[in-house]
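Asker: just the structure for this:
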Amino acid sequence: MGSHFHGNVHKELVLVSGRSHPQLAADIAKKLRISLLETSIYDFANGEIYVHFKESLRGCDVFVLESHTEPMNKWVMEQLIMVDALKRASAKSITVVCPFLGYSRQDKKHNGREPISARLIFDLFAAAGADRIMSIDLHSAQIQGFFDGPVDHLYAMPILTNYIKRRVDINDVVVVSPDAGRIRVAENWAERFGGCPLAFIHKTRDIFRPNVVKVGRVVGDVIGKDCVITDDLIDTGGTIAGAVKVLYETGAKSVIVAATHGILSAPARERLLECNVTEVVVTNTLPISQEKQFENLTVLSVAPLLAKAIEAVFEAGSVTSLIDDTNL
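Answerer: Residues are numbered from 1 along each chain as shown. Below is the predicted model:
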């Protein structure tokens, strides 16, 4: 455990982790120069989860890490149980760290009689005893308002753009939004590339086939350009693979796809291989198993970003300053 002295006040920073992403937890602990708290977690025969912390946590600032990969509901429940155990162990403060927050796509009602599941998840963490939530690239920024406490919304954009700048001709790059709804994010990316041009994929829907999106035409000049498609996540890869194909058909020289969260549910791997994408760049907010990986997939670490954010919260520093940190 990391100890810091502030005047006469002895503070302790504690990092605990569930079982969903042990490698990321170990990487963050290494960056913070602390050990992960020894924790006993196991499943009963009927699937119930049991948690026990091996040390006293009274008066500690505890950060509890779990990334909601599949089986998602299990890891959400495990994190809730860990928060409950921490509250009952008299932890001074409990920060829920979800590099990828499950259900964040369900942030509004599209039809009647639908849930707003993102709100429910925040309510559950509040009920369990969480004081603060930390996450990376939430599906929409406004869902921070679902939690009556601080929400540290971190961005992976500096990590991704710093890497991609070295992979493209900065004078020939075009940032592409996969749909009109993410233009604002694409504009932020374009600023990072020195104010480069923008394009977006105009999608049309087939009125005779419900729920089928036809990837339409490219709006913007991409002929002979290095295109960078930016999105918050890649799930089954259908939209992204379609966008890559239409960019090549329109005359793009190369296409790099950059996304924070590599969910990569089947058949994402096959789709991304078939569309001849130059490179797919994601971060390790979620664990990416061997069977999901492929030759032109690059995985960048968010451990430095999360370690700096945890340290900033612990030291009562500024988390906002990390948004523009180019040294991550």
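
Asker: residue 313 contacts residue 132, doesn't it?
Answerer: Yes. Contact status for residue 313 versus residue 132: in contact at 7.0 Å, counting by C-beta atoms under 8 Å. Where you see a C-beta, it was placed from the backbone N, CA and C, and this is true even at glycine.

Asker: low-confidence stretches in the stretch 1-150 of the chain?
Answerer: 1-11 (pLDDT under 70).

Asker: intersection of neighbour lists for residue 313 and residue 132?
Answerer: The contact sets of residue 313 and residue 132 overlap at 95, 152 (C-beta atoms under 8 Å, 6 or more residues apart in numbering).

Asker: which one's more surrounded, those two?
Answerer: Between residue 313 and residue 132, counting by other C-beta atoms under 10 Å, residue 313 is the more crowded of the two (21 against 18).

Asker: which residues does the more buried one contact?
Answerer: 61, 63, 95, 132, 134, 152, 319.

Asker: closest to residue 32 out of those residues?
Answerer: Closest to residue 32 out of those is residue 63 (9.2 Å), distances taken as C-beta to C-beta.

Asker: so that closest one sits against residue 13, correct?
Answerer: Yes. Using C-beta under 8 Å, residue 63 makes contact with residue 13 at a distance of 7.4 Å.

Asker: who's more crowded, the two?
Answerer: Between residue 63 and residue 13, counting by other C-beta under 10 Å, residue 63 is the more crowded of the two (26 against 19).

Asker: which SSE is the more buried one in?
Answerer: strand 61-65 (DSSP states H and E).

Asker: buried set for that strand?
Answerer: Neighbour-count burial for strand 61-65, counted by 16 or more other C-beta atoms under 10 Å, picks out 61-65.

Asker: and the strands in the stretch 101-250 of the chain?
Answerer: For the stretch 101-250 of the chain, applying DSSP state E, counting those that start in this stretch gives strands covering 132-136, 151-154, 173-177, 198-205, 213-219, 226-234.

Asker: can you name every helix or strand that the next helix-or-strand element following the strand holding residue 63 contacts?
Answerer: Proceeding N to C from strand 61-65, the next assigned helix or strand is helix 72-88, under DSSP H and E. Helix 72-88 sits against strand 39-43, strand 49-53, strand 61-65, strand 93-98, helix 117-128, with contacts defined as 3 or more C-beta pairs under 8 Å, 6 or more residues apart in numbering; DSSP states H and E.

Asker: before we move on, the earlier item: which of the strands of the stretch 101-250 of the chain sits most buried?
Answerer: The highest average neighbour count among the strands of the stretch 101-250 of the chain, using mean count of other C-beta atoms under 10 Å, belongs to strand 173-177 at a mean of 26.

Asker: that strand vs strand 198-205, what angle?
Answerer: Here strand 173-177 points in a direction 30 degrees away from that of strand 198-205 (axes from the mean of the first three to the mean of the last three C-alpha atoms, to 10 degrees).
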